[in-house]
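> turn this into a model:
(3 chains)
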Amino acid sequence: MASLEELDAIEQIKKLKARYFRYLDTKDWDSFQEVFAPDATLDTTTDRPDVPVVQGNDKIREYVERDAGPISTVHQGHTPEIEITSPTTATGIWAMQDVLKMPKDSPLGIKGLVAWGHYIDTYEQIDGAWKIKSSRLTRIRRQVEL
Amino acid sequence: MASLEELDAIEQIKKLKARYFRYLDTKDWDSFQEVFAPDATLDTTTDRPDVPVVQGNDKIREYVERDAGPISTVHQGHTPEIEITSPTTATGIWAMQDVLKMPKDSPLGIKGLVAWGHYIDTYEQIDGAWKIKSSRLTRIRRQVEL
Amino acid sequence: MASLEELDAIEQIKKLKARYFRYLDTKDWDSFQEVFAPDATLDTTTDRPDVPVVQGNDKIREYVERDAGPISTVHQGHTPEIEITSPTTATGIWAMQDVLKMPKDSPLGIKGLVAWGHYIDTYEQIDGAWKIKSSRLTRIRRQVEL
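Got it, this is the predicted structure:
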């Protein structure tokens, strides 16, 4: 059975990921960077095999801000499966839906994109605060709006 | 670290908001009114600057029932960030998606609407039961179906 | 107020349902069968009055695998309302959205379907593990893509 400490950690991690989604879609990039551990990794190779795994919360912020900044984005997370693996480490799986609307002059040549998949995450507690340590995005389906 | 009492309060507030969404979409207006504190406020001015903030759970029910009653509505809430600020008060942020289908003779002149945003809420415990004290809706994006 | 045991059970049941959705959409049918109690029931008669209530986790798996196997499915669950009714039994209500994409030769003669509704569930703890004991799907709305 989970201890009070573990249930509290699970709730904190859920709120951490909630902030990840909210900062991303409201384009609060300074706060966005802070949800990641300094040496965190972001792996979107399932979607974009040409983009290498990004390492470092500054590099993640740079990549996501450049990529998602000019787009109207909605990312929503569902049904978290958080497992506390030690007092300072945890894993998580989140279902997700994202709905992207490109600007008129988008170099991608599409109007929009709706997609569904899962985040496969790890988390680390650093100085008392939970951070995303690694995040890998997998996809079930993509629907492009031309 | 959160106490057992606080974790329990967080879970109760999540269920409170779950009932808000469910009663709204299943049009159970008597139950809908009861999720709000008697003097609660509902602020949808971001969406509709012409509608003043509604105060009173009877007035909120009246407004929402008149507005959403004739429409097929789906409102879904995600990734709650609940903070317990005292034994009887709390704040919360919820991501949301709503999908509205207007009746054929809608005075709004549109077929439907899909939108995304966040609820910025406060909660109060009254006679042992958590209630929505204030609720403000903000928007990331709206997509109108003509 | 909920006890630590009850809050732990609520979290376990949320993760159980999370796995239900994930195994269903990633077509992991062996794992899917295991989220149900051996004598579980699945009731989709609101959607499909012609399909009787399915009983038995082997029969549920058979039915869902045959039905959803050839389709690209996304099922996402929201805002759980879990009530622990005894140390080994519980009830739950989940909001849901499903987005189905049919294969080109689908006998249903439609391209896709987006729908919203609620799961009305019961759960049972068997040998220390929570399982879905009964699941009934209700609908708010269906949008067919022809």
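> quick one, longest helix in chain A?
helix A:4-26 (DSSP state H).
> from the chain's centroid, how far away is that one?
In terms of CA atoms, centre = their mean, to the nearest Å, the centre of helix A:4-26 is set 11 Å apart from its chain centre.
> just the strands in chain A please.
Per DSSP state E, chain A carries strands over the ranges A:36-43, A:54-55, A:72-86, A:89-101, A:112-126, A:129-145.
> in CSV: those, plus distance to B:V51.
Glycine gets a C-beta too; all of them are placed from N, C-alpha and C. What follows is those, written out as CSV (distance: least, CB to CB, whole Å):
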stretch, distance to B:V51
strand A:36-43, 39
strand A:54-55, 43
strand A:72-86, 24
strand A:89-101, 26
strand A:112-126, 29
strand A:129-145, 31
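> just so I know, which of those lies nearest A:R66?
strand A:54-55 (11.1 Å; CB to CB).
> that closest one pairs with which strands?
Next to strand A:54-55 in the sheet, as set by DSSP bridges, lie strand A:36-43 (antiparallel).
> quick one: the partner strand to chain centroid distance?
Taking CA atoms, centre = their mean, one finds strand A:36-43 lying 10 Å from the centre of the chain it belongs to.
> likewise stretch A:127-144?
Its chain's C-alpha centre and that of stretch A:127-144 lie 4 Å apart, by CA atoms, centre = their mean.
> tell me if that stretch is near chain C.
Yes. Counting by CB under 8 Å from any CB of the partner chain, chain C has neighbours in stretch A:127-144: A:I140, A:R141, A:Q143.
> of the residues you listed, just the buried ones, ChimeraX syntax please.
To isolate the buried ones among the residues of stretch A:127-144 next to chain C in ChimeraX, judged by 16 or more other CB atoms under 10 Å in any protein chain shown, type:
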select /A:140
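> quick one: the residues of stretch A:127-144 next to chain C as CSV, columns for pLDDT and distance to chain B too.
Listed next are these as CSV, based on pLDDT from 0 to 100; distance: CB to the nearest CB, whole Å:
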residue, pLDDT, distance to chain B
A:I140, 93, 17
A:R141, 93, 17
A:Q143, 92, 14
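> which of the residues of stretch A:127-144 next to chain C lies closest to B:E6?
Closest to B:E6, out of all of those and judged by CB to CB, is A:I140, at 35.5 Å.
> residues near the residue nearest to the closest one when sequence neighbours are not counted, how many?
Nearest residue to A:I140, sequence neighbours excluded (CB to CB, 6 or more residues apart in numbering or on different chains): A:W116, at 4.8 Å. Neighbourhood size, A:W116 [other CB atoms under 10 Å in any protein chain shown]: 22.
> contact partners for A:W116?
A:A95, A:M96, A:Q97, A:D98, A:R139, A:I140, A:R141, C:D25, C:V74, C:Q76, C:V99 (CB atoms under 8 Å, 6 or more residues apart in numbering or on different chains).
> what is the rounded mean pLDDT of stretch A:74-82?
In this model, stretch A:74-82 has an average pLDDT of 98.
> over to stretch A:43-52?
pLDDT averaged over stretch A:43-52 gives 90.
> stretch A:77-87 and chain B in contact?
Yes. Residues of stretch A:77-87 contacting chain B under CB under 8 Å from any CB: A:G77, A:H78.
> got a list of contacts for that stretch?
Applying CB under 8 Å, 6+ apart, the external contacts of stretch A:77-87 come out as A:2, A:5-6, A:9-10, A:13-14, A:17-18, A:21, A:90-97, A:119, A:125, B:78-79, C:14-15, C:17-19, C:21-22, C:76-78.
> need the per-residue pLDDT for whichever residue of chain A sits closest to chain B.
Proximity of chain A to chain B (CB to the nearest CB) peaks at A:A18, 3.6 Å away. A:A18 carries a pLDDT value of 98.
> mind listing what it touches?
Contacts for A:A18 (CB under 8 Å, 6+ apart) come out as A:G77, B:T79, B:P80, B:E81, B:I93, B:A95.
> touching, A:G56 and A:A40? I think so.
Yes. Between A:G56 and A:A40 there is a contact at 7.2 Å, judged by CB atoms under 8 Å.
> looking at the two, which has the bigger crowd around it?
A:A40 (24 against 17).
> hmm, A:S135 and the more buried one touching each other?
Yes. Counting by CB under 8 Å, A:S135 is a contact partner of A:A40 at 7.3 Å.
> next, the buried residues of the longest helix of chain A.
Buried residues in helix A:4-26 (16+ other CB under 10 Å): A:6-25.
> tell me the angle that helix makes with strand A:112-126.
For helix A:4-26 against strand A:112-126, the angle by axes from the mean of the first three to the mean of the last three CA atoms, to 10 degrees is 140 degrees.
> tilt between helix A:4-26 and strand A:129-145?
Here helix A:4-26 runs at an angle of 40 degrees relative to strand A:129-145 (the same axes, to 10 degrees).
> count of residues packed around the closest residue to chain C within chain A?
Chain C sits closest to A:T79 of chain A, with a gap of 3.6 Å, by CB to the nearest CB. Using other CB under 10 Å, A:T79 has 24 other residues around it.
> now it, nearest residue through space, not along the chain?
Nearest residue to A:T79, sequence neighbours excluded (CB to CB, 6+ apart): C:A18, at 3.6 Å.
> B:Q33 versus the one you found, what's the distance?
Shown here: C:A18 relative to B:Q33, a distance of 32 Å by CB to CB, to the nearest Å.
> ok, now which ones touch A:Q76?
A:F21, A:M96, A:Q97, A:D98, B:H78, B:T79, B:A95, B:Q97, B:W116.
> from those, which is closest to B:W29?
Minimum distance to B:W29 across the contacts of A:Q76 is 22.1 Å, recorded for B:Q97 (CB to CB).
> does that closest one touch B:H118 like I think?
No. Counting by CB under 8 Å, B:Q97 does not reach B:H118; the two are 10.8 Å apart.
> close enough to count as contact, A:K27 and A:G69?
Yes. With contacts counted by CB under 8 Å, A:K27 reaches A:G69, the gap being 6.4 Å.
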